[in-house]
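Engineer: Need a 3D model of the sequence below.
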Amino acid sequence: MPIVAYLSSPSAIDVARAQFGFVIAFHIIFPAFSIGLASFLAVLEGAYLWTKQPVYFDAYKYWLKIFAMIFAIGVVSGLVMAYEVGANWGGYADKVGPVLGPLLSYETLTAFFLEAGFLGIMLFGLQRVGPKLHFASTCLVSIGTLISATWILAANSWMQTPAGTIIGANGQFIPQSWLAIIFSPSAPYRWVHMVMASYLATAFMVGGVGAYHLLRNNKNTVTRLFFSMALWMAAIVTPLQILAGDTQGENTLAYQPAKIAGMEGDFTSGVQALHLFGIPDVAQGKLLYDVAIPHLGSLILTHHWNGIVKGLDAWPKDQWPVVDVEFFSFRIMVALGFAMFGLGLISLWLRYRRRLYETRWFHYLTMAMAPAGFIAIVMGWTTTETGRQPWTVYGLLTTAQSVSPITLPEVITSFAVIIVIYSLVFGSGILYVLKMMAAEPELNEPFPSDDAPLRSHGLVGGHPPINPAAAE
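Structural biologist: Alright, predicted model coming up:
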């Protein structure tokens, strides 16, 4: 159904989908930021213990406070999804409960307890456990975020490419092989792509904050350190992420070809052009105002100049994805990816010219690109989920079979309440995080707990003079 139809005369299921999309699009930003920041903190503290340069620990303390807030917002915002599944998607919960229930329980047992337990030591335990065990706690929190991502992506990947289950007499999915469920055909590709996206999004946010402070004081060694580290990440990981996206595209073509057809705007089967721009007309089954490069779509997808790729005409219209949304969200994601790649290349050139910390126009550009990674993540998620329609479990369980017996007024009311609560509660939290980011990093910044016992470890006050070269 075209997006115009959703907006003009929405049904209860349309609004329920929009509500869940709003909640998860908001939520996904914070776990992604937590994954990236946790690993960044582990690198910073490890570098401090290795080099004994206090600038690394000053950067650690600055980002630790921000990480704590991001982690808290992510946990709380994720709770709403459980409410929505129970209220709006009862059919889905009933059918996939035997699969999704254990997977999410494993995430809680193996990841959330690990993160929550050692986060307290990260924040307040240094004076009790000492620097080495504190570093171990930071590493365990970082590992916990990756384990959490693994279980969540295993669950979502199974919905995209179901394996290892049979459908029982009551319509429920019955597990037959947990290994096949956890390592479904798309899971490894999606894990790599999502984790690298989290690292990149974090790098660009860290770089944007660094650029903001460099514009005010480009001699601050803490700022110079994390600005430089963020841009190294951008320059190295962005091309790897583009490669990972290509391999995931090949996997999607093999297992979800209708999704690829919608992403690419291919309405007819055959040798495909690469459609740079156009406006999908679902009713007519064609791409209006098409700007395309002949054969390049086939070359990218099949690695053959004359490769044959299925178009949407290979499926009945009631099995088409939400082409309007999917087509544009995919292009926004790709455009941002290449923009991030370009920024990384510019940073390498400026670093070579020794102008990385003095080039103000580049700092403004880096600030503007700060949210690019998170926007790309949301657009990638939108592409993935709208491309899966009309299925919740691809090819086996439709969205119409998954919805609860809800009325339009009920779901509109709950959606309105969620928007108001999110605006007040999480809006305040985000503003506070931005305020923390706006505060200039300090040398010898105090730790979140009482710093008196820390002096015995040389971690606050009395440490050696900071070596500016460590920030280069």
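Engineer: what about Leu287, helix or strand, and which?
Structural biologist: strand 286-293 (DSSP states H and E).
Engineer: Ok, Val55 next?
Structural biologist: helix 54-88.
Engineer: Show me what that helix packs onto, helices and strands only.
Structural biologist: helix 12-51, helix 90-107, helix 113-124, helix 221-255, helix 408-421, helix 427-438 (3 or more CB pairs under 8 Å, 6 or more residues apart in numbering; DSSP states H and E). All C-beta atoms are positioned from the backbone trio N, CA, C, and that covers glycine.
Engineer: The helix or strand just after the strand holding Leu287 - what's its average pLDDT?
Structural biologist: Heading C-terminal from strand 286-293, the first helix or strand you meet, by DSSP H and E, is helix 296-302. Across helix 296-302, pLDDT averages out at 87.
Engineer: How about stretch 273-284?
Structural biologist: Here the average pLDDT along stretch 273-284 is 88.
Engineer: count of neighbours near Ile421?
Structural biologist: For Ile421, the neighbour count with other CB atoms under 10 Å is 12.
Engineer: And for the one 4 residues further on?
Structural biologist: Using other CB under 10 Å, Val425 is surrounded by 13 other residues.
Engineer: Report pLDDT for it.
Structural biologist: 83.
Engineer: From Val417, how far out is it?
Structural biologist: 12 Å (CB to CB, to the nearest Å).
Engineer: closest one to Thr384 among the helices and strands packed on helix 54-88?
Structural biologist: helix 221-255 (8.7 Å; CB to CB).
Engineer: Lowest mean pLDDT across the helices and strands packed on helix 54-88, which one is that?
Structural biologist: What stands lowest among the helices and strands packed on helix 54-88, in mean pLDDT terms, is helix 113-124, with a mean of 84.
Engineer: can you pull the buried residues of it?
Structural biologist: 114-115, 118-119, 121-123 (16 or more other CB atoms under 10 Å).
Engineer: tilt between it and helix 90-107?
Structural biologist: Counting by axes from the mean of the first three to the mean of the last three CA atoms, to 10 degrees, helix 113-124 lies at 60 degrees to helix 90-107.
Engineer: just how off-centre is helix 113-124 within its chain?
Structural biologist: Computed by CA atoms, centre = their mean, to the nearest Å, the chain-centroid distance of helix 113-124 equals 22 Å.
Engineer: List the residues that contact the closest residue to Thr407 other than its chain neighbours.
Structural biologist: Spatially, and ignoring its direct neighbours in sequence, Thr407 is nearest to Ala12 (5.9 Å; CB to CB, 6 or more residues apart in numbering). Listed by CB atoms under 8 Å, 6 or more residues apart in numbering, the contact set of Ala12 reads 403, 406-408, 410-411.
Engineer: just Asn156 next, same as before
Structural biologist: Residues in contact with Asn156 (CB under 8 Å, 6+ apart) are Arg190.
Engineer: does it belong to a helix or a strand, and which?
Structural biologist: Short version, using DSSP H and E: Asn156 is in helix 126-160.
Engineer: now the angle from that helix to helix 12-51?
Structural biologist: 140 degrees.
Engineer: and helix 126-160 with helix 54-88, angle?
Structural biologist: Here helix 126-160 points in a direction 40 degrees away from that of helix 54-88 (the same axes, to 10 degrees).
Engineer: For helix 126-160, the averaged confidence score.
Structural biologist: On average, helix 126-160 scores 91.
Engineer: For it, list every residue counted as buried.
Structural biologist: 126-127, 131, 134-145, 147-160.
Engineer: and it, how far from the chain's centre?
Structural biologist: For helix 126-160, the distance to the chain centre is 16 Å (CA atoms, centre = their mean).
Engineer: Next SSE downstream of it?
Structural biologist: By DSSP H and E, the next helix or strand past helix 126-160 is strand 165-167.
Engineer: ok, Val85 - contacts?
Structural biologist: Val85 neighbours (CB under 8 Å, 6+ apart): 92-93.
Engineer: if we can go back for a sec, could I get the helices and strands packed on helix 54-88 as TSV with distance to Tyr394?
Structural biologist: As requested, those are exported to TSV (distance: least, CB to CB, whole Å):
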stretch	distance to Tyr394
helix 12-51	16
helix 90-107	12
helix 113-124	30
helix 221-255	8
helix 408-421	24
helix 427-438	34
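Engineer: Using the record's domain definitions, break the chain down for me.
Structural biologist: As assigned by automatic domain parsing, the chain contains the domains 24-184+406-465, 198-385.
Engineer: How far does the first one sit from its chain's centre?
Structural biologist: Pointing back at domain 24-184+406-465 there. 12 Å.
Engineer: Any regions of the stretch 301-450 of the chain where pLDDT drops low?
Structural biologist: Judged by pLDDT under 70, the stretch 301-450 of the chain has its weakly predicted residues at 445-450.
Engineer: the helices in it, which residues?
Structural biologist: All helices of the stretch 301-450 of the chain, identified by DSSP state H, counting those that start in this stretch, fall at 323-352, 360-368, 372-388, 399-402, 408-421, 427-438.
Engineer: The last one to helix 408-421, inter-axis angle?
Structural biologist: This means helix 427-438. 30 degrees.
Engineer: by contact count, what packs against helix 427-438?
Structural biologist: So helix 427-438, by 3+ CB pairs under 8 Å, 6+ apart, packs with helix 54-88, helix 187-216.
Engineer: any idea of the angle the first one forms with helix 187-216?
Structural biologist: If I follow you right, that is helix 54-88. 130 degrees.
Engineer: Most tightly packed of the domains of the chain?
Structural biologist: For the domains of the chain, the largest average neighbour count (mean count of other CB atoms under 10 Å) is found in domain 198-385, namely a mean of 19.
Engineer: can you tell me the distance between the two ends of that one?
Structural biologist: 18 Å (CA to CA, to the nearest Å).
Engineer: And it, how far out from the chain middle?
Structural biologist: Taking mean C-alpha positions (CA atoms, centre = their mean), domain 198-385 and its chain are 13 Å apart.
Engineer: Equivalent analysis for stretch 392-405, please.
Structural biologist: On CA atoms, centre = their mean, the centre of stretch 392-405 falls 25 Å from the chain's centre.
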